[in-house]
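> below: sequence and its predicted model.
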Amino acid sequence: MKQALLFFVKFPIAGCVKSRLGDDIGYELAARYYSAFVLDLLARIDRHEIETYIFFDPNHSVDIYERWLGNRKMIPQHGKDLGERMFNAFEDAFKLGYDSCVLIGSDLPDLTAQEINRGMDSLREHPACVGPAKDGGYFLIGFQKEALTKVPFTNMEWSTPKVFTETITKIKSVGLEGFILQEHADIDTAQDLVQLMKHKDIQTECPHTLAVSIKE
């Protein structure tokens with residue numbers, strides 16, 4: 001089975017990323033943390049040689065992203081809202097010949113490669129998978145090519161505590177049984193950041209994030 005990771009990324013401009021975290025610690029600092037989150041997670045993905053496509057926010061050119069993240073496989077996001085952009089990313093990847101894909105966001109500096117691979121492995125037996133986030137959303141969603149449906153991406157109230165529950169309900173409504181991964185916390189608030197810094201492996205697993213913290 002040919003599989004890929006679809007990694008959604010924005011360019012780290014103050015006020016345009018991590019707005020809730022910015023409300024707590026300031027938007028300039030929140031943007032620096034966001035950049036560090038992306039670099040830490042990408043470094044881990046690279047070490048485990050996971051086939052990855054960066055789906056970038058097209059409000060900035062691919063050249064700018066390459067100067068930030070290096071020469072990678074990059075595809076611009078497209079669609080009128082988050083749900084449409086995620087659905088279109090799956091379609092774009094499947095047109096490249098992949099049989100199943102998982103999609104993640106970029107505020108997960110401590111997400112392990114093992115958890116990403118667990119999602120990918122689940123798609124060998126299940127049509128879909130979802131990783132619940134502690135705030136009621138989800139940090140990962142995946143589909144087999146034949147099972148991809150617009151339903152869980154349509155008419156959703158994003159950034160609410162009921163996103164995960166609604167997504168599972170919608171997946172079941174079209175006759176699919178999704179595999180549920182272990183819950184994981186994304187980093188949206190200063191309290192989330194405090195908890196991240198208590199991680200016993202923060203120095204080795206999130207060096208960019210730790211460097212931002214030390215400078216402050």
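Happy to help now that I have it.
> switch to C-alpha atoms for all contacts and neighbour counts from now on
OK.
> just the element for the closest residue to His78 other than its chain neighbours, please.
Nearest residue to His78, sequence neighbours excluded (CA to CA, 6 or more residues apart in numbering): Arg85, at 5.2 Å. Arg85 belongs to helix 82-95 when elements are defined using DSSP states H and E.
> got the angle for the helix or strand following that helix vs helix 82-95?
Proceeding N to C from helix 82-95, the next assigned helix or strand is strand 100-104, under DSSP H and E. Orientation of strand 100-104 against helix 82-95 (axes from the mean of the first three to the mean of the last three CA atoms, to 10 degrees) gives an angle of 140 degrees.
> ok now strand 100-104, how far from the chain's centre?
Counting by CA atoms, centre = their mean, to the nearest Å, strand 100-104 is centred 9 Å from the centre of its parent chain.
> quick check, Ile75 in a strand?
Yes. Assigned with DSSP: H, G, I helix; E, B strand; the rest coil, Ile75 falls within a strand.
> find the nearest non-adjacent residue to it, please.
Phe55 (4.9 Å).
> quick one: neighbours of the one you found, just the number.
22 (other CA atoms under 10 Å).
> tell me which residues of the helix holding Arg85 are tucked away?
Of the residues in helix 82-95, 83, 85-91, 93-94 count as buried by neighbour count, 16 or more other CA atoms under 10 Å.
> turn these into TSV, columns for pLDDT and distance to Thr167.
Shown next, in TSV, are these (pLDDT from 0 to 100; distance: CA to CA, whole Å):
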residue	pLDDT	distance to Thr167
Gly83	97	11
Arg85	98	16
Met86	98	13
Phe87	98	13
Asn88	98	17
Ala89	98	17
Phe90	98	16
Glu91	98	18
Ala93	98	21
Phe94	98	21
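> would you reformat these as a markdown table and include distance to Glu183?
Listed next are those as a markdown table, based on distance: CA to CA, whole Å:
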| residue | distance to Glu183 |
| --- | --- |
| Gly83 | 21 |
| Arg85 | 24 |
| Met86 | 20 |
| Phe87 | 22 |
| Asn88 | 25 |
| Ala89 | 23 |
| Phe90 | 23 |
| Glu91 | 26 |
| Ala93 | 26 |
| Phe94 | 27 |
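> closest to Gly175 among those residues?
The nearest member of those to Gly175, counting by CA to CA, is Phe87 at 18.1 Å.
> remind me which residues of the protein are low pLDDT?
Within the chain, no stretch has pLDDT under 70.
> would you map the strands across it?
For the chain, strands defined by DSSP state E occupy the ranges 3-9, 52-56, 74-76, 100-104, 128-132, 138-144, 178-180.
> elements contacting the third one?
Where contact means 3 or more CA pairs under 8 Å, 6 or more residues apart in numbering; DSSP states H and E, strand 74-76 is packed against strand 52-56.
> go again using 10 Å as the cut-off
strand 3-9, strand 52-56, helix 62-69, helix 82-95 (3 or more CA pairs under 10 Å, 6 or more residues apart in numbering; DSSP states H and E).
> could you list the residues in contact with that strand?
If you take CA atoms under 10 Å, 6 or more residues apart in numbering as the criterion, strand 74-76 is touched by 6-9, 52-62, 65-66, 85, 89, 92-93.
> of these, buried ones?
Buried among those (16+ other CA under 10 Å): 6-9, 52-57, 62, 65, 85, 89, 93.
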